[in-house]
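Engineer: sequence isn't available, so here's the structure alone:
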């Protein structure tokens, strides 16, 4: 098979008290939790809302205390403002959430297309590309090399989407070591091995404090030489292999040749598609406006509730802020689906799936039709009859058609 061992894409074990283990992802979708959903914290946006909710509690508490303690001060306003502004805020949050999820779904669609294309190209390489007489071992190793390039394309694409531009990352360096690429030549040990954030920085990131969040493009900006576009360079090598097998007659069927070139083109479409999703966020004017409108509504909310709820204004404001900010924060969380947050797409799992698919395809030699069609275990009329292929082959054609 192309790979000797398949590494576990979820190397972090969520069994310790390390903040990185619990509040970073992506989430292992194969792990089952018996906790009710409303009690689960892994993947929840609640930690990022702790500081905003504390502020809302203090703000609404101050307004309530001033209004109730001082009879000559009345900070309450007519609640009709609650209805009018609430409708506008609801429309804005709906638009924000729908556009964010659209980007999330589009990112998943492109990775699904990548898996489909890799499966198709893997079958073409292993089954349809013929091994020339006298050069079987050489051609087989070449096919394995091409299938490894499909794996390296998926892994390189994952790193590109996470602004990791080099070629010596775990699981990638050995796959592209024989290829001349900008990423491999630009690899700098002191740059691409980022330091683990300290406790305060990790806590600030978990709580959603913007000052604690590092620039994700920092590694790219620190590069001292061109890093190129590694997935595109791998596609160039795949195209060269496609030309070679077509030119030397290893892929004689025109339809299969078309499938091969279309597959390479489909991978290029995936590359440009995910780049478009990554580099075309919601316009910043929308993002700023939605944030400002939401906070304006939350800050004005206690003034509209104090007249009827008195001290209940404090918990009511906190609950309302949790609902409103929760929708806003979810949209922000999934807007870029390619990162390493808990709610991002499990790109490690998708890369592992491509690797497993290549291993499955190459696990056995190209099957011969006679081996499985004429097998004594081939029950061609099951469940009507458990007779084997050879038993039915000895009967007249009229008997076979009568059974059908």
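Structural biologist: The structure has been received and is ready for your questions. Here the structure is a predicted model, which is why all the values come from computation and not from measurement.

Engineer: near the residue nearest to residue 350 when sequence neighbours are not counted, how many residues? Count them for me, please.
Structural biologist: In space, and not counting its chain neighbours, residue 350 is closest to residue 111: 5.0 Å by CB to CB, 6 or more residues apart in numbering. (Glycine included, C-beta is placed from N, CA and C.) Other residues lying near residue 111 total 26 when counted by other CB atoms under 10 Å.

Engineer: repeat that for residue 254.
Structural biologist: Neighbours of residue 254 (other CB under 10 Å): 9.

Engineer: re the thing from before, check what pLDDT the residue nearest to residue 350 gets.
Structural biologist: As predicted, residue 111 sits at a pLDDT of 97.

Engineer: which residue ranges form the strands in this protein?
Structural biologist: Using DSSP state E, no strands are found in the chain.

Engineer: gap between residue 363 and residue 147?
Structural biologist: Going from residue 363 to residue 147 by CB to CB, to the nearest Å gives 12 Å.

Engineer: of those two, who's got more company?
Structural biologist: Taking residue 363 and residue 147 together and counting by other CB under 10 Å, residue 147 has the greater number of neighbours (25 against 10).

Engineer: contact partners for residue 110?
Structural biologist: Residue 110 makes contact with 270, 273-274, 277, according to CB atoms under 8 Å, 6 or more residues apart in numbering.

Engineer: what's the pLDDT at the closest residue to residue 331 other than its chain neighbours?
Structural biologist: Closest residue in space to residue 331, ignoring its immediate chain neighbours: residue 100 at 3.9 Å, by CB to CB, 6+ apart. Note for residue 100: predicted pLDDT of 92.

Engineer: same check, this time on residue 24
Structural biologist: 69.

Engineer: now swap in residue 21 and tell me
Structural biologist: 57.

Engineer: which residues touch the residue most central in space within the chain?
Structural biologist: For the chain, residue 345 is the residue whose C-alpha lies nearest the centre (CA atoms, centre = their mean; 2.5 Å). Shown in contact with residue 345 (CB under 8 Å, 6+ apart): 26, 104, 107-108, 111, 337-338.

Engineer: one more time with 10 Å, if that's ok
Structural biologist: With contact set as CB atoms under 10 Å, 6 or more residues apart in numbering, residue 345 has these partners: 25-27, 29, 104, 107-108, 110-111, 158, 161, 334, 336-339.

Engineer: Provide a ChimeraX selection command restricted to the buried entries of these.
Structural biologist: The buried residues among the contacts of residue 345 can be selected in ChimeraX (16 or more other CB atoms under 10 Å) with this line:
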select :25,26,27,104,107,110,111,158,161,334,336,337,338,339
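
Engineer: measure residue 319 to residue 305 for me?
Structural biologist: For residue 319, the distance to residue 305 - CB to CB - is 11 Å.

Engineer: ah, wrong one, I meant residue 346
Structural biologist: For residue 346, the distance to residue 305 - CB to CB - is 42 Å.

Engineer: cool, and residue 64?
Structural biologist: With distances taken as CB to CB, residue 64 is found 9 Å from residue 305.

Engineer: do the same with residue 44
Structural biologist: Going from residue 44 to residue 305 by CB to CB gives 26 Å.

Engineer: neighbour count: these two, which is higher?
Structural biologist: Regarding residue 44 and residue 305, a neighbour count based on other CB under 10 Å identifies residue 305 as having more, with 23 against 17.

Engineer: quick one: the helices in the stretch 101-250 of the chain?
Structural biologist: 136-161, 173-176, 182-186, 189-192, 199-206, 218-221, 230-247 (DSSP state H, counting those that start in this stretch).

Engineer: tell me which of these sits nearest to residue 357.
Structural biologist: Residue 357 sits nearest to helix 136-161 of all these, at 8.7 Å, using CB to CB.

Engineer: now for the closest one, which elements pack on it?
Structural biologist: Secondary-structure packing of helix 136-161 (3 or more CB pairs under 10 Å, 6 or more residues apart in numbering; DSSP states H and E): helix 80-123, helix 173-176, helix 182-186, helix 230-247, helix 254-279, helix 347-362.

Engineer: quick one: contacts of the shortest one?
Structural biologist: The set of residues external to helix 173-176 that reach it, using CB under 10 Å, 6+ apart, is 2-3, 145, 148-149, 151-153, 155-156, 166-168, 183-184, 187, 230, 233-234, 237, 355.

Engineer: only the buried residues of it, if you could.
Structural biologist: Quick answer for helix 173-176 (16+ other CB under 10 Å): 173, 175-176.

Engineer: average model confidence for it?
Structural biologist: Mean predicted confidence for helix 173-176 is 90.

Engineer: one more: stretch 397-404?
Structural biologist: Averaging pLDDT along stretch 397-404 yields 91.

Engineer: show me the shaky parts of the stretch 201-350 of the chain.
Structural biologist: For the stretch 201-350 of the chain, applying pLDDT under 70 flags the ranges 201-217, 219, 221, 223-224.

Engineer: 90 instead?
Structural biologist: Low-confidence regions of the stretch 201-350 of the chain, defined by pLDDT under 90, span residues 201-228, 281-283, 286-287, 303-310, 329, 331-335, 339-343.

Engineer: which parts of the stretch 301-404 of the chain are helices?
Structural biologist: Under DSSP H, counting those that start in this stretch, the stretch 301-404 of the chain gives helices at 313-334, 347-362, 369-373, 389-393, 397-403.

Engineer: can you add distance to residue 71 and give these back as CSV?
Structural biologist: Below are these laid out as CSV (distance: least, CB to CB, whole Å):
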stretch, distance to residue 71
helix 313-334, 17
helix 347-362, 61
helix 369-373, 91
helix 389-393, 97
helix 397-403, 97
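
Engineer: for those, which one sits closest to residue 139?
Structural biologist: Using CB to CB, these put helix 347-362 closest to residue 139, at 13.1 Å.

Engineer: packing partners of that closest one?
Structural biologist: helix 80-123, helix 136-161.
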